[in-house]
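Undergrad: Coordinates only, no sequence provided:
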């Protein structure tokens, strides 16, 4: 009788052991969190420096600035030679790397960051808004939107031909997954000091932008984030293999959908918003790039909005001045 009971118990245990073993084999590994990343992002969220805060009112138009010039401190990020040839009256010239030092001269004025097209200025405004200048703004379209003689946009629309790696409307976005945190260096300084070091490293790296043809040619080499609303993908389609992580916030924990093992290629309509997102991700420890000129460079003819034209980007030529030596 005892032998029978032992045998019966063994028969019952075998499936349980097998089921338990199979369950362990198929369980999704728990995502790894990084204490430095968690501490840094908690500090930023608590101090109104979430990405949603940085993107709140981050851009303005040439007409708005021109109407109240005395209210703004304009930082021109172009080369000294381009600045000397023609610039916005009263603008101060500096390299992207030195934007925080130059910003200290602004006093109580709102800072406007200006570049050729409104793209690299997004990196500057990200640094500024994370460094005590929460009202700093990008000049939309850059100097191209100030004066038609400085147009660097028209020659960069429709320059790429979407191939088989562009999925036509209604698109096919990849379902978001969860990834580990970036592995940030261990630090013994305060959160504010560590953030400052991360911002400095981002500025040291310069503007991070990649042509659309390069990303389309190797979409598997990136984690591509389509920074659009869902309805926009349905209307226009998307790059093959792209995710859509928007909103992208610390508070909403959406950063767990960004893969730190890959270069994050963010794209938007014009490359201006994606520049801000790219710079912000870089500060958080991700390897990043922005698709230059956004989908204006890819599907310009299909767009019904968010597209560059001289008429909308530069409706009238505004005052310029040159450096006299």
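TA: Happy to help now that I have it. What you see is a predicted model; the values in this text were computed from it and never measured. Numbers count the residues shown, from 1 in each chain.

Undergrad: Select the helix or strand of this structure having the lowest average pLDDT value.
TA: Lowest mean confidence among the helices and strands of the chain (mean pLDDT, DSSP states H and E): helix 2-26, at a mean of 42.

Undergrad: For the residue sitting nearest the centre point of the chain, give me its contacts.
TA: The centre of the chain sits closest to residue 277, judged by Cα atoms, centre = their mean, with a distance of 1.7 Å. Applying Cβ atoms under 8 Å, 6 or more residues apart in numbering, we find residue 277 in contact with 51, 55, 225, 227, 248, 266, 268, 290. In short, each C-beta sits where N, CA and C put it, glycine included.

Undergrad: and the nearest residue to the second one once chain neighbours are set aside, what element?
TA: By that I understand residue 55. Of all residues not flanking residue 55 in the chain, residue 276 sits nearest, at 6.2 Å (Cβ to Cβ, 6 or more residues apart in numbering). Using DSSP states H and E, residue 276 falls within helix 272-283.

Undergrad: And the next helix or strand past that helix?
TA: Downstream of helix 272-283, the next assigned helix or strand under DSSP H and E is strand 288-291.

Undergrad: Now the helix or strand residue 64 falls within: buried residues?
TA: Secondary structure assignment for residue 64, by DSSP H and E: helix 62-67. Within helix 62-67, the residues that count as buried by 16 or more other Cβ atoms under 10 Å are 62, 65.

Undergrad: what does stretch 247-263 give?
TA: Of the residues in stretch 247-263, 248, 249, 250, 255, 256, 257, 258, 259, 260, 263 count as buried by neighbour count, 16+ other Cβ under 10 Å.

Undergrad: Out of these, the closest to residue 31 would be?
TA: residue 256 (6.5 Å; Cβ to Cβ).

Undergrad: Can you give me the distance of the closest one to residue 247?
TA: Noted for residue 256: a distance of 13 Å to residue 247, by Cβ to Cβ, to the nearest Å.

Undergrad: and the next helix-or-strand element following the helix holding residue 64, what's its mean pLDDT?
TA: Next helix or strand after helix 62-67 toward the C-terminus (DSSP H and E): strand 72-76. The average of the pLDDT scores along strand 72-76 is 98.

Undergrad: If anything else comes up later, I'll come back, but that's it for now.
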